[in-house]
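Visitor: This is a predicted model, with the sequence first.
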2 protein chains.
Amino acid sequence: MNIEINMEELKDLVKDKEFRKLKFLLERMNEADVAEFLEELPMQQSVLVFRMLPKSTASDVFAFLPVEIQKEIILAITDKELQTIVEDLYMDDVVDMLEELPASVVRRVLENATPETRKTINQFLNYPENSAGSIMTAEYISLKRGMTVSQSFDYIRAHGQDKETIYVLYVTDAERHLEGVVTVKDLLMHGYEVPIEELMDVNVISCVTTDDQEDAANLMKKYDLLSLAVVDTEDRLVGLITVDDAVDVMQQEATEDMEKMAAMLPSDRAYLKTSVFDTWKARIPWLMLLMISATFTGAIIDSFEDALAVCTVLTGFIPMLMDTGGNSGSQASVSVIRGLSLKEIEFDDLFRVIWKEIRVAVLCGVTLACVNFVKILLVDKMLMGREGITLVVDAVVCATLMLTIICAKCIGCILPMLADRLGFDPAVMASPFITTLVDAVSLLIYFQLASAALGF
Amino acid sequence: MNIEINMEELKDLVKDKEFRKLKFLLERMNEADVAEFLEELPMQQSVLVFRMLPKSTASDVFAFLPVEIQKEIILAITDKELQTIVEDLYMDDVVDMLEELPASVVRRVLENATPETRKTINQFLNYPENSAGSIMTAEYISLKRGMTVSQSFDYIRAHGQDKETIYVLYVTDAERHLEGVVTVKDLLMHGYEVPIEELMDVNVISCVTTDDQEDAANLMKKYDLLSLAVVDTEDRLVGLITVDDAVDVMQQEATEDMEKMAAMLPSDRAYLKTSVFDTWKARIPWLMLLMISATFTGAIIDSFEDALAVCTVLTGFIPMLMDTGGNSGSQASVSVIRGLSLKEIEFDDLFRVIWKEIRVAVLCGVTLACVNFVKILLVDKMLMGREGITLVVDAVVCATLMLTIICAKCIGCILPMLADRLGFDPAVMASPFITTLVDAVSLLIYFQLASAALGF
């Protein structure tokens, strides 16, 4: 039987100091929901309510909390409470947290860890940010090839309690080299006396601690894995990545790509949790750079100032040409950037991609140019009565449109692939950057064609 | 021991007709890799190689293949081979495939299914596209509350073989109403005689068949679930969603959002696998619409034609103002769209979001206006010697810049939230749409300020 409680009712209980009732309800809620509730409370109260939680769920709730609240809790609780939490948490959650905390708080956490935990934490903290090592968990079960199914179950029963996942079991030799992998399903589908050597899959998919976390997550997606083995440079098993962490990585990388595509520096906080100043810091660099680089488009227009003064109607089409060029370019760049990040496209495909974009660009260019030619005559000239529109002007605009689209799509697909090849993130080559470039290109084409056709 | 084989070596084996060697290697490869190899081959050959695969792996490989190859295989194999595959596949994979196949091929598949499978398939095909029902699997294990751990294991051993996941077990009553959930880990961590009633969690997270698949996937991410129960409108268990399918949904939704943000209709195919014509079809509607709506910006410029002819220097700043406005707007819209899709923002937050964007906009606007004021004097006027730049012109440009940024950020955050509220996808309100609107706004501000300050 489920009970529906809403946040407001819980908040009222805090306000009315009905702590026994609150405690009763919290104990019956899912840990993720308790964490969400704590996030909604003022900091002081959320620490207070956290300390009401039974020991058994406190650590689970703690793992779901954002780092600012974790920090306040660490500062508020006793050493004994902190010890329990640190030992209860999975290593990857501890490490995630420590990477974000100020040094003084990190010291307090490390002081309250057992020497063994401290050693593991320090080892984990040395893995580069965004590497497979930094998101792996050290709590896994490894079996020996000589065990039977029945012995494996006994081993899991004895050692599985504090492991993050027990469904994928790695078989290692005495030096911890990976020899195979077997799932609990395999064990359950075979007789108790079968040696796991006969069941295990020797073709283990694994990654190295220094691999990029995004590559590790893609590997798990490709092979539909629940967990991925992580080995060190000497091919010894050191940990595993669970699917829920891989999911977080994928979401985070997708968000970062979107932010970069929209000319922002990536942030790892939720929108409403980022301060105004931090949001400004993430947005201003690209705005500034792009604004300054627009000096070039200004200079191009200036150098054709006299022509524009003679044939004023040309100015009115500049926004349309620039926007259509920008949109065409970002369509190509976003397709390519996403393809690169999902590993559907590699640098070797460069010429296939360019060839495809050219054909799409010609199709789009011809369609838009034809429609625009008719639209300018019917709507702009006849309906709105804009002056100075001649067939030649119309032809110049539409020819510019077509050439701009072709250039835009080529720039849009080439730049991200080059960036990727050179080791930069292709996502920064997205729409805004390409728009600025395409603006200049489209204006140059426009004025060259206009000069030639109208004879300035 | 792992062997490294590359695609080219495998292709050479096909070319040299070394089928025995090829078969030997294919049998030892991961099914996902075999599927990738088949995709690389010409259609004829890939069907030929598929038929070489041992029965036991053929269905697994089949599930990884894109639908075009699945179709050719279905048309090429015998009824008996087809029967084996249809019965071996998980229901959600069959349904995914049937949704994409032409009617004649669907008929052939249904004819070769057992009556029972056919009934389930038809039931699944009736769930709306992108609903939880359409991605769930019907192959799950449900237990009764009276069973002990030991009886549960016996039940899993007897019925688990053809189930997609056996790690999450749902406890139901005689009418299939959900009563609780228990994991294999819970079973393994307790004595064989414990009744599962004592172990099960009665607080089961579930969704309804008609829920949006994205909501289901978000639920799984929030609670770190390996599988999510799917119930019908009468709260009876009908299936479950596995985490690998949820991962696919999340990736697919992120890709779709990016495509929509870049003014494309979403496609569910990989970039290089989409034909030029299909890519054109996905890209042309928005390009066309945005091109035509640029008529307004043209009209605005035209109506200030005389002013521009008098003060030609104003024209040169139009691209910079439009682009900076567009970039500012898309920064806000992409932040908000992503926040909405990850459920970090709701419509109730509208005023918090607007208030935040206004503050960020003022910060960004002041910074950019100041830098630009100095830049125009130093670079444009003194260094490049552009004529007609006066302090008043400079002030008009920078004031426009600031006001444009504030308008752009407000439009950028309000439109996606309104779209979401009205039941539209907020992602279509992204950069290109907002750019077009912001273009018009920035030009209006520009010319109004210029008229007032320069007295046209």
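Guide: That came through fine. Residues are numbered from 1 along each chain as shown, chains lettered A, B, ... in the order given.
Visitor: If you count neighbours, what's buried in the helix or strand where residue A:373 lies?
Guide: Element membership for residue A:373, per DSSP states H and E: helix A:350-375. Using 16 or more other CB atoms under 10 Å in any protein chain shown as the test for burial, helix A:350-375 gives A:350, A:353-354, A:356-365, A:367-369, A:371-373, A:375. All C-beta spots, glycine's among them, are computed from the backbone N, C-alpha and C.
Visitor: do the same with stretch A:285-294
Guide: A:286-288, A:290-294.
Visitor: measure stretch A:421-434 end to end?
Guide: Stretch A:421-434 has an end-to-end distance of 18 Å (criterion: CA to CA, to the nearest Å).
Visitor: Can you name the residues in contact with it?
Guide: For stretch A:421-434, the external contacting residues (CB atoms under 8 Å, 6 or more residues apart in numbering or on different chains) are A:256-257, A:260-263, A:286, A:290, A:326, A:329-330, A:333-334, A:336-337, A:340-341, A:347, A:408, A:411-412, A:415-420, B:262, B:323, B:327, B:330, B:431.
Visitor: Keep only those of the buried residues of helix A:350-375 that are also close to chain B.
Guide: Applying CB under 8 Å from any CB of the partner chain to the buried residues of helix A:350-375, one finds that A:353, A:356, A:359-360, A:363-364, A:367-368, A:371-372, A:375 fall near chain B.
Visitor: Make sure residue A:441 is indeed in a helix.
Guide: Yes: according to DSSP: H, G, I helix; E, B strand; the rest coil, residue A:441 belongs to a helix.
Visitor: surely it meets residue A:411?
Guide: Yes: between residue A:441 and residue A:411 there is a contact at 7.3 Å, judged by CB atoms under 8 Å.
Visitor: residues near the closest residue to chain B within the stretch 1-150 of chain A, how many?
Guide: When you check the stretch 1-150 of chain A against chain B by CB to the nearest CB, the closest residue turns out to be residue A:32, at 5.1 Å. By other CB atoms under 10 Å in any protein chain shown, 19 other residues sit near residue A:32.
Visitor: tell me the secondary structure for it?
Guide: helix.
Visitor: Now do the contacts for it.
Guide: A:64, B:222-224.
Visitor: could you flag which of the residues you listed are buried?
Guide: Of the contacts of residue A:32, these count as buried by 16+ other CB under 10 Å: A:64, B:222, B:224.
Visitor: Dump stretch A:365-375 to PDB, restricted to CA.
Guide: What follows is stretch A:365-375, C-alpha atoms only, in PDB (Å, rounded to 0.1, in the frame of the first residue of the first chain):
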ATOM      1  CA  GLY A 365      19.700  25.900 -51.500                       C
ATOM      2  CA  VAL A 366      17.700  25.300 -54.700                       C
ATOM      3  CA  THR A 367      14.400  24.900 -52.800                       C
ATOM      4  CA  LEU A 368      14.900  28.000 -50.700                       C
ATOM      5  CA  ALA A 369      16.300  30.100 -53.600                       C
ATOM      6  CA  CYS A 370      13.200  29.200 -55.800                       C
ATOM      7  CA  VAL A 371      10.700  29.900 -53.000                       C
ATOM      8  CA  ASN A 372      12.500  33.100 -52.100                       C
ATOM      9  CA  PHE A 373      12.600  34.300 -55.700                       C
ATOM     10  CA  VAL A 374       8.900  34.100 -55.900                       C
ATOM     11  CA  LYS A 375       8.300  35.400 -52.400                       C
END
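Visitor: mean confidence for it?
Guide: The average pLDDT within stretch A:365-375 is 93.
Visitor: wait, doesn't residue A:169 sit right on residue A:152?
Guide: Yes: Residue A:169 lies in contact with residue A:152 (CB under 8 Å); the separation is 6.9 Å.
Visitor: what residues are shared contacts of those two?
Guide: A:143, A:182, A:187.
Visitor: buried sites along the helix or strand following the helix holding residue A:373?
Guide: Using DSSP H and E, the helix or strand that directly follows helix A:350-375 along the chain is helix A:391-421. For helix A:391-421, a neighbour-count test (16+ other CB under 10 Å) marks A:393-394, A:396-417, A:419-420 as buried.
Visitor: which residues in chain A form strands?
Guide: A:142-143, A:168-172, A:178-183, A:206-208, A:227-231, A:237-242 (DSSP state E).
Visitor: Mean pLDDT, distance to chain B and mean neighbour count added to the ones you listed, as TSV?
Guide: Output for these, formatted as TSV (pLDDT from 0 to 100; distance: least, CB to the nearest CB, whole Å; neighbours: other CB atoms under 10 Å in any protein chain shown):
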stretch	mean pLDDT	distance to chain B	mean neighbour count
strand A:142-143	90	14	20
strand A:168-172	92	10	23
strand A:178-183	92	9	20
strand A:206-208	92	9	20
strand A:227-231	92	11	24
strand A:237-242	90	9	25
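Visitor: Does the helix holding residue A:373 pack against any helices or strands, and if so which?
Guide: helix A:318-341, helix A:391-421, helix B:276-293 (3 or more CB pairs under 8 Å, 6 or more residues apart in numbering or on different chains; DSSP states H and E).
Visitor: quick one, which of those is nearest to residue B:77?
Guide: helix B:276-293 (27.6 Å; CB to CB).
Visitor: Give me the contacts around that closest one.
Guide: Identification of contacts with helix B:276-293 by CB under 8 Å, 6+ apart yields A:320, A:323-324, A:327-328, A:331, A:335, A:356, A:359-360, A:363-364, A:367-368, A:371-372, A:375, A:401, B:259, B:263-267, B:269, B:274, B:432-433, B:436.
Visitor: follow-up on the earlier one: nearest to residue A:178, of the buried ones among the contacts of residue A:32?
Guide: Out of these, the member with the shortest distance to residue A:178 (by CB to CB) is residue B:224, at 25.7 Å.
Visitor: check contacts around the residue lying closest to that closest one once chain neighbours are set aside.
Guide: Spatial nearest neighbour of residue B:224, excluding adjacent residues (CB to CB, 6 or more residues apart in numbering or on different chains): residue A:244 at 4.2 Å. Contact analysis of residue A:244 by CB under 8 Å, 6+ apart lists B:221, B:224, B:243.
Visitor: For residue A:236, give me its contacts.
Guide: A:172, A:175-178.
Visitor: among those, which two are most distant?
Guide: So, the contacts of residue A:236 by CB to CB: farthest apart are A:175 and A:178, at 10.4 Å.
Visitor: so which of the buried residues of helix A:391-421 are also by chain B?
Guide: residue A:401.
Visitor: Contact partners for residue A:393?
Guide: A:311, A:313-314, A:454.
Visitor: Please pick the buried ones from the residues you listed.
Guide: Buried among the contacts of residue A:393 by 16+ other CB under 10 Å: A:311, A:313-314.
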